[in-house]
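**Q** when you get a sec, could you give me coordinates for this:
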Amino acid sequence: MTDRLIADLERLSTIAPELAVNAAIAASGAADGYVTRPSPVGTLYVAFTGRGVSAVELADSPQDFEETFANLHGRPALPVAHMPRQIERHLDNAIATGKPGRLPLDFGGLTAFQQAVLEKTAEIPTGEVRPYGWIAKEIGKPGAVRAVGSALAKNPIPVVVPCHRVVRSDGKLGNYSLGDPSNKRVLLEAEGLDLNTYESLADRGIRFTGSDTTKIFCNPSCGPAVRTMAEHRVEFRSESDAREHGYRPCKVCRPVTIAA
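**A** The predicted structure follows:
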C-alpha cells in the first residue's frame, strides 16, 4: 500500500471511534448530535435529539457551530456519522421543500405560543409568502403581530420551518434570522417565487390581487393568483378595497390585512 493510503486508513481508524462515541453520547441525551447538509444559502448544520431536529444553523466551521449552539441552547452538540432512522429518511426532503412533512422536530424549550407560530409557518406552501398578520390571525391571536415576529426571529429550525416565507405587512421581505438577510431572497428565488413581480406590487402598495372571472382575491404569491392571466388580474390595496368591489377572499390562502 502507498504511504498516502496508509495515512488515510490511520485517519479513518481515529475518526470512526470518535463519531461512534459522539453518537452514544447524543443517544444518552447528554448532547445533541449534528450533521451537515447543503442548501442554496450554504452548508447547514443540523442538530437533533432523540425526539427530532432541534436546530438548523449556518456557520463558518464546525467549531463555530458548536460554540453558537452551546451558547444558545446550554448544551453541547457533537458531530455524528449517522442520524436516527426517522430523521435520516426525511431530512433531505424537508430541506429541499422547506416543509417538515414527516420529519420529527424537537420544539423543547419553546412556549406554546412560539410553537403555534412555527407550526402555522410550516403550512405556508413552497414558493409563497404570507404576512406576519396572517400567522397571528390563523393561530387565533390577531393582536399579536409583533409577538409573531419575535417568535420567528428565534426560530431554531429555519429552512425546515420556513420563516423565510413570512414577510412584513407592507409586502417588503423584511429581516431573516439565518445569517445575512439576503439569504431570505436566495431561498425564495430558489423556490420559484417571482420576486421582481412580488416586490413591484409591494412598492406600488398592492397587497392583494384578484381575478375578474372568479371574483376572488388572494395574497399575490398564492397559486391561483400567480396563474391568473394578466388581462383578468385586478389589484387591491387592502382587504376592504377588495370586498368593496365585490370580491371574496380565497379559501386557499385566506388573505388578511392586519397592521403590524
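**Q** per the record, what domains does the chain have?
**A** The domain map for the chain lists 3-97, 111-192, 204-260, with the assignment taken from automatic domain parsing.
**Q** any weak-confidence spans in the protein?
**A** 1-29, 257-260 (pLDDT under 70).
**Q** how about the strands in it?
**A** Counting by DSSP state E, the chain has these strands, from start to end: 32-37, 44-48, 53-58, 77-79, 130-131, 166-167, 208-211, 216-218, 233-236, 248-249.
**Q** who are the packing partners of the third one?
**A** Packed against strand 53-58, as judged by 3 or more CB pairs under 8 Å, 6 or more residues apart in numbering; DSSP states H and E, are the following elements: strand 32-37, strand 44-48, helix 62-73, helix 85-97. Every residue, glycine included, has its C-beta placed from N, CA and C.
**Q** now the angle from the last one to strand 32-37?
**A** I take that to be helix 85-97. With axes from the mean of the first three to the mean of the last three CA atoms, to 10 degrees defining the directions, helix 85-97 sits at 40 degrees from strand 32-37.
**Q** who's in contact with the residue nearest to the spatial centre of the chain?
**A** Nearest to the centroid of the C-alpha atoms of the chain, with distances taken as CA atoms, centre = their mean, sits Pro162, at 1.7 Å. Contact analysis of Pro162 by CB atoms under 8 Å, 6 or more residues apart in numbering lists Gly98, Lys99, Thr121, Ala122, Ile124, Thr126, Leu187.
**Q** if we use 6 Å, what do you get?
**A** Under the criterion of CB atoms under 6 Å, 6 or more residues apart in numbering, the contact partners of Pro162 comprise Gly98.
**Q** quick check: it vs Gly109, distance?
**A** Per CB to CB, to the nearest Å, Pro162 is found 20 Å from Gly109.
**Q** how about the helices in this structure?
**A** Listed in chain order, the helices of the chain (DSSP state H) span 3-28, 62-73, 85-97, 112-121, 132-138, 145-153, 182-190, 195-203, 223-227, 239-244.
**Q** list the helices and strands the fifth one packs on?
**A** This means helix 132-138. With contacts defined as 3 or more CB pairs under 6 Å, 6 or more residues apart in numbering; DSSP states H and E, the packing partners of helix 132-138 are helix 112-121, helix 145-153.
**Q** Throw those helices into JSON lines and include distance to Tyr34, thanks.
**A** JSON lines is the format used below for those (distance: least, CB to CB, whole Å):
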{"stretch": "helix 112-121", "distance to Tyr34": "20"}
{"stretch": "helix 145-153", "distance to Tyr34": "22"}
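**Q** show me the one of these that comes nearest Ser169.
**A** With respect to Ser169, and counting by CB to CB, the nearest of these is helix 145-153 at 7.2 Å.
**Q** find the nearest non-adjacent residue to Ala70, please.
**A** Sequence neighbours aside, Pro76 is the residue nearest to Ala70 in space, at 5.6 Å (criterion: CB to CB, 6 or more residues apart in numbering).
**Q** I figured that neighbour was touching Ala31, is that so?
**A** Yes. Under the criterion of CB atoms under 6 Å, Pro76 lies in contact with Ala31, with a separation of 4.3 Å.
**Q** so the two - more neighbours on which side?
**A** Neighbour tally, Pro76 and Ala31, criterion other CB atoms under 10 Å: the higher count belongs to Ala31, 20 against 17.
**Q** distance of that one relative to Val148?
**A** The value you get for Ala31 to Val148, if CB to CB is used, is 31 Å.
**Q** same check on Arg102?
**A** In this structure, Arg102 and Val148 are 26 Å apart, going by CB to CB.
**Q** between these two, which one's more packed in?
**A** When Arg102 and Val148 are compared on other CB under 10 Å, the one with more neighbours turns out to be Val148, at 28 against 9.
**Q** who does the nearest residue to Ala55 once chain neighbours are set aside bridge with?
**A** Across the structure, with CB to CB, 6+ apart as the measure, the residue nearest Ala55 apart from its sequence neighbours is Ala47 (4.1 Å). Following DSSP bridges, Ala47 is listed with bridge partners Tyr34, Ala55.
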